[in-house]
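Colleague: coords below, sequence missing:
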């Protein structure tokens with residue numbers, strides 16, 4: 001997903017590589033033929049056939065950090081909320097104050113259960129005074145749509161799943177503005193972070209948002225599915241001289257991990273509240289919303305566990321699900337949520353939930369990596385911040 005601190009956006013963590021073979025039960029994005037033509041290795045993710053990589057995932061990762069890359073995120077879910085009661089309804093349904101979002105702006109927020117557990121993290125764009133676009137993670141689209149429809153009862157608001165109306169492309173990296181400047185007459189430089197505007201890109205009407213899920217400056221382009229191939233081609237041609245490459249889900253996951261961005265199903269789940277993930281700030285507790293009482297209580301008591309960054313002393317990367325251990329006793333005290341070698345840092349990194357009294361930066365812990373007790377140190381998140389002077 002694009003998420004806050006991307007995605008939207010779209011939060012991929014592919015579990016298996018299908019070596020370019022289509023899965024008969026998986027849906028295909030409007031750009032499926034493009035990916036096959038580029039020789040992408042395909043994977044099934046959240047019920048979709050998606051590009052995992054086109055060549056080297058490390059090279060794709062470095063392209064985002066140093067130049068730019070082009071992603072297909074058309075598997076993401078889009079839900080439109082309209083009507084005179086749309087703002088009030090979203091204030092009640094979500095943890096954030098969406099009525100305070102100006103037209104043309106976006107906000108990162110969450111849909112929580114009554115017990116405070118996170119059902120999904122979302123980007124919400126206010127397209128018009130009475131029209132919002134809620135962008136959900138692909139696997140959670142039906143859950144979000146159903147919950148919003150249920151919570152719209154009593155409000156003058158209509159909820160519609162409009163995912164089939166949109167294709168979504170992302171251009172991410174320090175050269176992304178230069179690339180888009182060449183294919184649109186819109187003032188790309190004037191578009192602020194977490195803003196969205198109608199634009200014309202290579203003759204095609206689109207919505208252009210300055211959002212992303214990589215830790216770099218970047219843009220997300222919403223267009224009609226029938227226009228997706230032309231938009232992809234135009235951006236690819238404009239980026240040829242800027243080092244733009246197509247990129248898949250594999251590098252998207254290492255990029256968001258370096259940037260300390262949570263992934264639903266890993267750092268965020270229905271069994272945890274925003275406070276465990278260090279995202280309690282997104283919950284506006286002085287307004288009524290579903291889950292407010294539970295989150296208010298959690299804010300008062302403080303979470304028992306916290307999400308931290310881990311820096312291993314060795315060269316092996318802890319992976320999701322690995323046990324975090326007391327380094328002296330070997331007792332399990334926590335769980336790794338995400339981990340991988342960091343192409344930017346040149347060493348392994350991970351995120352994990354640990355007891356609050358073990359979450360201080362500098363705390364030495366251990367991780368069980370295939371039966372070996374490997375030393376790790378708690379470090380501040382994120383692992384990577386883009387150089388000063390980047391767009392914000």
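Modeller: Structure's in. What do you need? Note that the structure is a prediction, hence the values are computed from the model and not measured.
Colleague: contacts and neighbour counts: CA atoms only from here.
Modeller: Will do.
Colleague: What's the mean pLDDT across stretch 77-96?
Modeller: On average, the pLDDT along stretch 77-96 is 98.
Colleague: Is it correct that residue 115 is in contact with residue 296?
Modeller: No: applying CA atoms under 8 Å, one finds residue 115 not in contact with residue 296, separated by 10.7 Å.
Colleague: Please point out which parts of stretch 40-52 sit buried.
Modeller: Under the neighbour-count criterion of 16 or more other CA atoms under 10 Å, stretch 40-52 has 40-46, 48-52 buried.
Colleague: err, stretch 323-340, not the other one
Modeller: 323-327, 332-340.
Colleague: can you count the residues close to residue 262?
Modeller: 27 (other CA atoms under 10 Å).
Colleague: Also the one 5 residues further on?
Modeller: Using other CA under 10 Å, residue 267 is surrounded by 21 other residues.
Colleague: Ignoring the adjacent residues along the chain, who's closest to it?
Modeller: Leaving aside its chain neighbours, residue 267 sits nearest to residue 337 (5.8 Å; criterion: CA to CA, 6 or more residues apart in numbering).
Colleague: Let me see the contact set for residue 177.
Modeller: 188-189, 218-219 (CA atoms under 8 Å, 6 or more residues apart in numbering).
Colleague: burial measure for the residue lying closest to residue 95 once chain neighbours are set aside, as a count.
Modeller: Closest residue to residue 95 apart from its sequence neighbours, by CA to CA, 6+ apart: residue 283 at 4.7 Å. Residue 283 has 23 neighbouring residues, counting by other CA under 10 Å.
Colleague: pLDDT value on residue 283, please?
Modeller: 98.
Colleague: go on, residue 14?
Modeller: 35.
Colleague: hang on, residue 186 packs against residue 200?
Modeller: Yes: the criterion here is CA under 8 Å, and residue 186 meets it with residue 200 at 7.3 Å.
Colleague: Now name the helix or strand holding residue 110.
Modeller: In the assignment (DSSP states H and E), residue 110 maps to strand 106-112.
Colleague: Packing partners of the following helix or strand past that strand?
Modeller: Using DSSP H and E, the helix or strand that follows strand 106-112 towards the C-terminus is strand 118-128. For strand 118-128, the elements it packs on are strand 106-112, strand 131-136, helix 141-151, strand 196-201, judged by 3 or more CA pairs under 8 Å, 6 or more residues apart in numbering; DSSP states H and E.
Colleague: in its sheet, what does the second one sit against?
Modeller: When pairs are called by DSSP bridges, strand 131-136 turns out to pair with strand 77-82 (antiparallel), strand 118-128 (antiparallel).
Colleague: Tell me who's in contact with the residue nearest to residue 267.
Modeller: Residue 337 touches 266-267, 319-322, 350-353, counting by CA under 8 Å, 6+ apart.
Colleague: and of the residues you listed, the nearest to residue 67?
Modeller: residue 350 (25.0 Å; CA to CA).
Colleague: In three-state terms, label the closest one for me.
Modeller: strand (DSSP: H, G, I helix; E, B strand; the rest coil).
Colleague: One more: the one 3 residues further on?
Modeller: When the structure is split into helix, strand and coil by three-state DSSP, residue 353 lands in strand.
Colleague: Got phi/psi on the residue nearest to residue 267?
Modeller: Residue 337 adopts backbone torsions of phi -100, psi -30, taken as degrees, to the nearest 10.
Colleague: Residue 36 too?
Modeller: According to degrees, to the nearest 10, residue 36 has phi -60, psi -40.
Colleague: coming back round to it: list buried residues within the contacts of residue 337.
Modeller: Buried subset of those (neighbour count, 16+ other CA under 10 Å): 267, 319-320, 322, 350-353.
Colleague: Where does the prediction get shaky in the stretch 201-350 of the chain?
Modeller: Applying pLDDT under 70 to the stretch 201-350 of the chain picks out no residues at all.
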